[in-house]
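Trainee: kindly return the folded structure for what I paste below:
(chains A and B)
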Amino acid sequence: MEIVVCVKQVPDTTEVKIDPVTNTLIRQGVPSIVNPFDKNAVEAALVLKEKHGGKVTVISMGPPQAKDALKECLAMGADAAILISDRAFGGADTLATSYTLAAAIKKLGTVDLIFCGKQAIDGDTAQVGPEIAEHLGIPQVTYVAKVEVDGGTARLEREHEDGYEVIEVNTPVMLTFVKSANEPRYPTVKGTMRANRAEIPVWTLADLEVDEARLGLKGSPTQVRKIFTPKQRTQGVLIQKDTAREAVAELIAKMTEAKIV
Amino acid sequence: MQFELTDDQKMMQKMVREFAEKEVAPGTEERDEHEKFERSLFDSLGDLGVTGICFPEQYGGAGGDNLSYILAIEEISRVDDGLGIALSASVSLCGWPIYAYGSEEQKKKYLVPLAEGTKLGAFGLTEPNAGTDAASQQTVAVLQGDHYVLNGSKIFITNAGEAETYIVFAMTDKSKGVKGISAFILEKGMPGFTFGKKEHKLGIRSSQTMELIFQDVKVPVANLLGKEGEGFKIAMSTLDGGRIGVAAQALGVAQAALDHAVKYSKERVQFGKPIAANQAIAFMLADMAVKVDAARLLTYRAAYLKDNGQPYSKEAAMAKLYASDAAMAVTTDAVQIFGGYGYSREYPVERLMRNAKITQIYEGTNQVQRMVISGAVLR
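Mentor: Numbering: from 1, shown residues only, chains lettered A, B, ... in the order given. Okay, here's the model as predicted:
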């Protein structure tokens, strides 16, 4: 079973601060981590590999330092990692990113499963995974909490707010994973040392069969005009009474107190 | 001269830190309160390979260096130094002497499971009347055919009762003094080998400390570690390495206290400003930071020397002496900065202060460290 996991290196948002003047993220000095949902995708892939055999390849598009994220996945137990990196890919939005990643996946040859996290914690778009599936013309299932594979069929549980949708789908398929799917394993000491010694190949523009007009900033229809911090809103008050009449009375009292009415 | 960790060391540090913060930290207070050694946490350290970092792969280890292992102890000790010393006692005081002095059979039988973390190790040297004066051992081992018969007892043994493998020192020839001490590998469950009372301690309460009692324990000749009469040498060289572990433990405690103090002093507002805005507090933090860094440099240097096959006995003693004194001073200052809250169990700094004290005492009191250092300086 050939599984490709797409991962993204993101700033650790628990430590991110926003520059009050420019309204952009202060990335300097903020540690980089593997996008947490992507770790769930790696874990799901490793579990399937342990059960059915095969190979887990982790890919990431990003600057050279994204190798650290790939190393972490290798330390967890992935078999191979490839960094997709070229100045031509820089400034890509989700469409150009997914186009580039899809080209890399095509180059890998036969792939049964493509795993992604449900979204990245920096951009929060949740678009790259589904777009990869579209570029490749394969089915996709998002928000997967459980996956079992039997031959050419994957049986999935897709997480909803109020339950699970059980889906059967033929492979190859692209899945995005939610946090509740699993508890990502810690890398082991041996895995860490092996990962540090691993050669991570870098695929550049020259390695991919792509239309250059669809890459990077110029291949990105999304234009960011402004990033800003929304005004902080205080939590609302929930009035719960036995009857609507009592609740309304309480509401009126509170509104009067606040001099709204 | 380079002050940068290698990629391996950095990744190891990050990995252990993540594990410590997510898996170890949540139960630290409870284990301290109830004096509970949590074996499953040690087992997890085995699964991750932390117990075997510095042993070769052929003996179940990862083939990493000693500094990586020291970083692991520091990271674990930042959140729970009881677990830190349990690891250090198993690896440095039990695994290491088997690695350094054991026969091939002994390494296969005893070192492999210790390195893999499937077994826990302990080290029994101290007796009621033989602490710093380790040479006045009263535990005796008498050779009878194909086994030795051990009689005596040991006190204050870390991991005792929980551990499966023990390095135990006993007199095989009283007439020879220190040259009459020999080292043995004992297994939990050997007939006549039992445990005495559990110590109730000021700190490191998440590690278990007990007495070892030997009543006509038959130990096969194959379990003699090194040669007869080499026990004292084995004990002293083992403690040289163990001291780097204790230094790392103290360093972790000191770093934790500094981190808590910095955070609290920025949050605690008195007279309309954070207390960190007072130089009285800020300068305390500065002094604490210097002590922590100096302790770190001495500790890493000792580990570096060991990794590079250079003598490290004096440097390990310096690291242990300084780091433990630093831990005591920094944790005491942290409690002071927290004021009344610092004295309360609701905040972690009182625990850190209780835990720091032992690092000035065990694996050679700080007075013994000064004997080692002055001995080397005056040579």
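Trainee: can you give me the pLDDT of residue A:29?
Mentor: In the predicted model, residue A:29 carries a pLDDT score of 75.
Trainee: cool, and the one 4 residues further on?
Mentor: According to the prediction, residue A:33 has pLDDT 92.
Trainee: I figured residue A:121 hits residue A:39, correct?
Mentor: No - applying Cβ atoms under 8 Å, one finds residue A:121 not in contact with residue A:39, separated by 11.1 Å. Any C-beta I mention is one placed from the backbone N, CA and C, and that applies to glycine too.
Trainee: up against chain A, what does the stretch 51-200 of chain B have?
Mentor: Applying Cβ under 8 Å from any Cβ of the partner chain, we find that the stretch 51-200 of chain B lies next to chain A at B:52, B:53, B:57, B:62, B:63, B:64, B:68.
Trainee: closest to chain A among the residues you listed?
Mentor: Lowest distance from chain A to these (Cβ to the nearest Cβ) belongs to residue B:62, with 4.4 Å.
Trainee: which pair in the residues of the stretch 51-200 of chain B next to chain A has the greatest spatial separation?
Mentor: Taking Cβ to Cβ as the measure, those reach their widest spread between B:57 and B:68, a distance of 14.2 Å.
Trainee: between the two, which one's more packed in?
Mentor: Under the neighbour definition other Cβ atoms under 10 Å in any protein chain shown, residue B:57 and residue B:68 were set side by side, and residue B:68 has more, 26 against 13.
Trainee: without its sequence neighbours, what residue ends up closest to the more buried one?
Mentor: Of all residues not flanking residue B:68 in the chain, residue B:12 sits nearest, at 4.6 Å (Cβ to Cβ, 6 or more residues apart in numbering or on different chains).
Trainee: the residue in chain A positioned nearest to chain B: what's it in contact with?
Mentor: Checking chain A residue by residue against chain B with Cβ to the nearest Cβ singles out residue A:189 as nearest, at 3.3 Å. Going by Cβ atoms under 8 Å, 6 or more residues apart in numbering or on different chains, residue A:189 touches B:12, B:15, B:48, B:49, B:50, B:52, B:53, B:62, B:64, B:68.
Trainee: list buried residues within those.
Mentor: When these are checked for burial by 16 or more other Cβ atoms under 10 Å in any protein chain shown, the buried set is B:12, B:15, B:48, B:49, B:50, B:52, B:53, B:62, B:64, B:68.
Trainee: please name the nearest non-neighbouring residue to the residue in the stretch 1-150 of chain B that chain A sits nearest to.
Mentor: Closest approach between the stretch 1-150 of chain B and chain A, counting by Cβ to the nearest Cβ: residue B:49, at 3.3 Å. Using Cβ to Cβ, 6+ apart and skipping residues adjacent in sequence, the residue nearest residue B:49 is residue A:189, 3.3 Å away.
Trainee: about what we covered before: does the residue of the stretch 1-150 of chain B closest to chain A touch residue B:60 like I think?
Mentor: No - Residue B:49 sits out of contact with residue B:60 when judged by Cβ under 8 Å, with a separation of 9.3 Å.
Trainee: just the strands in the stretch 51-200 of chain A please.
Mentor: Assigned strands in the stretch 51-200 of chain A, in chain order: A:55-61, A:80-84, A:113-117, A:140-150, A:153-160, A:163-170, A:173-177 (criterion: DSSP state E, counting those that start in this stretch).
Trainee: now those in a markdown table, please, with extra columns for mean neighbour count, mean pLDDT and distance to chain B.
Mentor: Shown next, in a markdown table, are those (neighbours: other Cβ atoms under 10 Å in any protein chain shown; pLDDT from 0 to 100; distance: least, Cβ to the nearest Cβ, whole Å):
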| stretch | mean neighbour count | mean pLDDT | distance to chain B |
| --- | --- | --- | --- |
| strand A:55-61 | 23 | 97 | 16 |
| strand A:80-84 | 22 | 97 | 14 |
| strand A:113-117 | 28 | 97 | 18 |
| strand A:140-150 | 19 | 96 | 21 |
| strand A:153-160 | 17 | 95 | 23 |
| strand A:163-170 | 13 | 96 | 27 |
| strand A:173-177 | 27 | 97 | 19 |
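Trainee: that older thread, which one's more surrounded, residue A:121 and residue A:39?
Mentor: Per other Cβ under 10 Å, whichever of residue A:121 and residue A:39 has more neighbours is residue A:39, with 24 against 18.
Trainee: re the thing from before, so which of the residues of the stretch 51-200 of chain B next to chain A sit within helices?
Mentor: Taking DSSP state H as the definition of helices, these contribute residue B:68.
Trainee: tell me the one of the residues of the stretch 51-200 of chain B next to chain A nearest residue B:85?
Mentor: Of all these, residue B:85 sits closest to residue B:53, with 16.4 Å by Cβ to Cβ.
Trainee: residues contacting that closest one?
Mentor: Residue B:53 makes contact with A:189, B:12, B:61, B:62, B:64, B:65, B:68, B:69, B:72, according to Cβ under 8 Å, 6+ apart.
Trainee: any idea whether residue A:255 is helix, strand or coil?
Mentor: Each residue gets one of three states, and residue A:255 gets helix by DSSP: H, G, I helix; E, B strand; the rest coil.
Trainee: with adjacent residues omitted, what lies nearest to it?
Mentor: Counting by Cβ to Cβ, 6+ apart, residue A:255 lies nearest to residue A:261, which is 4.7 Å off, once chain neighbours are set aside.
Trainee: surely that neighbour and residue A:252 touch.
Mentor: Yes - contact status for residue A:261 versus residue A:252: in contact at 7.0 Å, counting by Cβ under 8 Å.
Trainee: so those two - more neighbours on which side?
Mentor: A count of neighbours by other Cβ under 10 Å puts residue A:252 above the other of residue A:261 and residue A:252, at 12 against 9.
Trainee: phi, psi for residue B:156 please.
Mentor: When read as degrees, to the nearest 10, the backbone of residue B:156 gives phi 60, psi 50.
Trainee: so what's the residue nearest to it when sequence neighbours are not counted up against?
Mentor: The shortest distance from residue B:156 to any residue other than its chain neighbours is 5.3 Å, reached at residue B:126 (Cβ to Cβ, 6+ apart). For residue B:126, the contacting residues are B:134, B:154, B:155, B:156, B:157, by Cβ under 8 Å, 6+ apart.
Trainee: now the strand or helix carrying the last one: mean pLDDT?
Mentor: So that's residue B:157. Using DSSP states H and E, residue B:157 maps to strand B:147-158. Strand B:147-158 shows an average pLDDT of 97 in the prediction.
Trainee: which helices and strands sit right next to that strand?
Mentor: strand B:121-124, strand B:140-144, strand B:165-171, strand B:181-187, strand B:193-198, strand B:209-220 (3 or more Cβ pairs under 8 Å, 6 or more residues apart in numbering or on different chains; DSSP states H and E).
Trainee: tell me the angle of it relative to strand B:209-220?
Mentor: Calculated by axes from the mean of the first three to the mean of the last three Cα atoms, to 10 degrees, strand B:147-158 forms an angle of 170 degrees with strand B:209-220.
Trainee: which neighbours in the sheet does strand B:147-158 have, and how are they oriented?
Mentor: strand B:140-144 (antiparallel), strand B:209-220 (antiparallel) (DSSP bridges).
Trainee: okay, buried residues for the longest one please.
Mentor: Of the residues in strand B:209-220, those with enough neighbours to count as buried (16+ other Cβ under 10 Å) are B:209, B:210, B:211, B:212, B:213, B:214, B:217, B:218, B:219.
Trainee: bridging residues for the fourth one?
Mentor: With DSSP bridges as the criterion, the beta-bridge partners of residue B:212 are residue B:154, residue B:195.
Trainee: can you list contacts of stretch B:262-271?
Mentor: Outside stretch B:262-271, the residues that reach it (Cβ under 8 Å, 6+ apart) are B:274, B:275, B:276, B:281, B:282, B:285, B:337, B:338, B:341, B:347.
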